[in-house]
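[1] could you look at this predicted model? Sequence included:
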Amino acid sequence: MIIAISAQNFFDEKSTGVGLYTKEIIKNLSKVCADNDQIIVYARKLSAEKKKKFATDISWRNVFFKEADFKFFFNLLGVFWIARKDKPDAIFCPSSVVPLFGNRNITTTIHGLEFKNC
């Protein structure tokens, strides 16, 4: 199974709540996935120094990173554009925005549904 994960800000120095959530999902998926599964993480384009730093920090099983050079509409258009070549079985978009086109098997997380007076 090929699982694509949209992680546009994965390599940011200061991760937000969604960024930390995404990293934990990827780390834990890599622990439980089968040997023939692939987890493809789509992230924004990286500088050479960031690539070198994170290559030594991250050694998760069956996780592959692909860069997407989309400054705008990363999840809406960028993920579809690069995922069409990989043909993933599922796409996970943890930031509440899903691609406009493509795979019918898309999962997202809706954040911030707390209510003051429940």
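    Perfect, I can see it now.

[2] just give me the longest helix of the protein.
    Of all segments of type helix in the chain, defined using DSSP state H, the longest is helix 17-32.

[3] which parts of the chain are strands?
    2-6, 38-44, 63-68, 90-93, 106-108 (DSSP state E).

[4] then the first one to PDB, C-alphas only?
    This points to strand 2-6. Extracted C-alpha coordinates of strand 2-6, given in PDB (Å, rounded to 0.1, in the frame of the first residue of the first chain):
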ATOM      1  CA  ILE A   2       1.200   3.500  -0.800                       C
ATOM      2  CA  ILE A   3       0.100   6.200   1.600                       C
ATOM      3  CA  ALA A   4       0.800   9.800   0.600                       C
ATOM      4  CA  ILE A   5       0.900  12.500   3.400                       C
ATOM      5  CA  SER A   6       0.800  16.200   2.800                       C
END
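
[5] residue contacts, Ala7?
    Going by C-beta atoms under 8 Å, 6 or more residues apart in numbering, Ala7 touches 19, 22-23, 26, 41-43, 94. Any C-beta I mention is one placed from the backbone N, CA and C, and that applies to glycine too.

[6] what do you get if the cut-off is 7 Å, keeping everything else the same?
    By C-beta atoms under 7 Å, 6 or more residues apart in numbering, the contact list for Ala7 reads 22, 41-43.

[7] adding distance to Arg84, pLDDT and neighbour count, write the residues you listed out as CSV.
    Output for the contacts of Ala7, formatted as CSV (distance: C-beta to C-beta, whole Å; pLDDT from 0 to 100; neighbours: other C-beta atoms under 10 Å):
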residue, distance to Arg84, pLDDT, neighbour count
Thr22, 22, 85, 25
Val41, 17, 87, 22
Tyr42, 12, 86, 26
Ala43, 17, 82, 21
